[in-house]
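Engineer: please work out how this folds:
(one chain, ligands or ions: 1)
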Amino acid sequence: MHKDFGDVRALDDVGFEVAAGEFVALLGLSGSGKSTLLRHVDGLQQASSGTVEVLGQDVGSLRGRSLRALRRRIGFVFQQFHLVGSLTALENVCTGALGGLRGARLGLLSYPKRVRHAALDQLERVGLADCALQRADTLSGGQQQRVAVARALLQRPEVLLADEPVASLDPDSAAQVMDLLAEIGAQDGLTVLCSLHQVEVALHWSHRVVGLRSGGVVLDEPVESLNRESAMAVYSGISAPRLAVAG
Ligand SMILES: Nc1ncnc2c1ncn2[C@@H]1O[C@H](COP(=O)(O)OP(=O)(O)OP(=O)(O)O)[C@@H](O)[C@H]1O
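Structural biologist: This is a model prediction of the structure:
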């Protein structure tokens, strides 16, 4: 598939498959197309040509209710957490259920009991049940990202997209968040597509690395067949022995 923004080709002949339960890291310089690719998987953007198939459906062909139904099966975690600072951790997690509820919600008690219980379960899974009633803006960055993961998990997704989820975190918090994504991904059989900037993080936590450069896939290898040097070729522009240039 291709994606053009005016004269800019953001994704260039990108084509790869991700198996159910696989944890794929997307690596690439700033502007290489990682976020654009993730947004296509979630149906937030549409390909200029070609198709993006997710959970057996052509995302670009879906509209309205059918697109919303597919998107409920896909969780999204962002670099900047996107929590509402003035709400508690628990309430932020509850907002993950909004896609499946009718009408606006104001305050924790406006959510059905089953949603509140499920939200607390997810907070427990990410190790933050003790902070459930704490305002989100009083939590550390790492804790906020774990709340965001719990919010994404509330809708019981089958696919989890993470756009540089640890780029704003210190190394310890980043490791905790990556541990969580990998553990929960394995426990729930989630398919995870996670853009990252650090090669070491990709090699430590993912099953496979897909490297993008100028919108094209320049590396697609299981981590077992990569080392730091060969994965760094994504950035260097120099062909390494295992570099598979597509497009
Ligand atoms: N909405 C848009 N309108 C115009 N150009 C865009 C838009 N979104 C992305 N682009 C361009 O597409 C290319 C890929 O951008 P993208 O944000 O996907 O890269 P990225 O690898 O995620 O970068 P970063 O690591 O900085 O987030 C860039 O040249 C960018 O300027």
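
Engineer: could you use CA atoms for every contact and neighbour count after this?
Structural biologist: Noted.

Engineer: helices or strands next to the strand or helix carrying Leu67 in the packing?
Structural biologist: If you go by DSSP states H and E, Leu67 is part of helix 64-71. Here helix 64-71 touches no other helix or strand, going by 3 or more CA pairs under 8 Å, 6 or more residues apart in numbering; DSSP states H and E.

Engineer: distance from the chain centre to it, please.
Structural biologist: Distance of helix 64-71 from the chain centroid (CA atoms, centre = their mean, to the nearest Å) equals 18 Å.

Engineer: ok, then the element right after it?
Structural biologist: Reading on from helix 64-71 to the C-terminus, the next helix or strand found by DSSP H and E is strand 74-78.

Engineer: next secondary structure after that next one?
Structural biologist: Next along from strand 74-78, by DSSP H and E: helix 89-94.

Engineer: returning to that earlier point: quick one: buried residues of the helix holding Leu67?
Structural biologist: 67-68, 70-71 (16 or more other CA atoms under 10 Å).

Engineer: so what angle separates the directions of that helix and strand 74-78?
Structural biologist: Orientation of helix 64-71 against strand 74-78 (axes from the mean of the first three to the mean of the last three CA atoms, to 10 degrees) gives an angle of 70 degrees.

Engineer: as a whole number, average confidence for helix 64-71?
Structural biologist: Taken as a whole, helix 64-71 has a mean pLDDT of 94.

Engineer: just list what the worst-scoring helix or strand of the chain on mean pLDDT packs against, helices and strands only.
Structural biologist: When the helices and strands of the chain are scored by mean pLDDT, DSSP states H and E, helix 228-236 comes last with a mean of 91. Where contact means 3+ CA pairs under 8 Å, 6+ apart, helix 228-236 is packed against helix 199-205, strand 208-213, strand 216-222.

Engineer: in stretch 31-47, what's buried?
Structural biologist: So stretch 31-47, judged by 16+ other CA under 10 Å, has buried residues 32-43, 46-47.

Engineer: can you list contacts of that stretch?
Structural biologist: 1-4, 10-11, 26-28, 52-54, 59-60, 67, 71, 74, 161, 163, 193, 195, 212-216 (CA atoms under 8 Å, 6 or more residues apart in numbering).

Engineer: so where's the protein uncertain?
Structural biologist: Across the chain, residues meeting the criterion (pLDDT under 70) sit at 99-105, 237-247.

Engineer: the helices in it, which residues?
Structural biologist: Ranges of helices in the chain, per DSSP state H, are 34-41, 64-71, 89-94, 113-125, 141-154, 171-188, 199-205, 228-236.

Engineer: let me see the contact set for Leu226.
Structural biologist: Per CA under 8 Å, 6+ apart, neighbours of Leu226: Leu203.

Engineer: what distance do you get for it to His207?
Structural biologist: Per CA to CA, to the nearest Å, Leu226 is found 11 Å from His207.

Engineer: try Ala69
Structural biologist: Taking CA to CA, one finds Ala69 at 28 Å from His207.

Engineer: over to Val166?
Structural biologist: 18 Å.

Engineer: tell me which of the two has more neighbours.
Structural biologist: More neighbours surround Val166 than the other of Val166 and His207, with 27 against 18 (other CA atoms under 10 Å).

Engineer: the more buried one reaches Gln176, doesn't it?
Structural biologist: No. Judged on CA atoms under 8 Å, Val166 makes no contact with Gln176 at a distance of 9.5 Å.

Engineer: that concludes my questions; thank you for your assistance.
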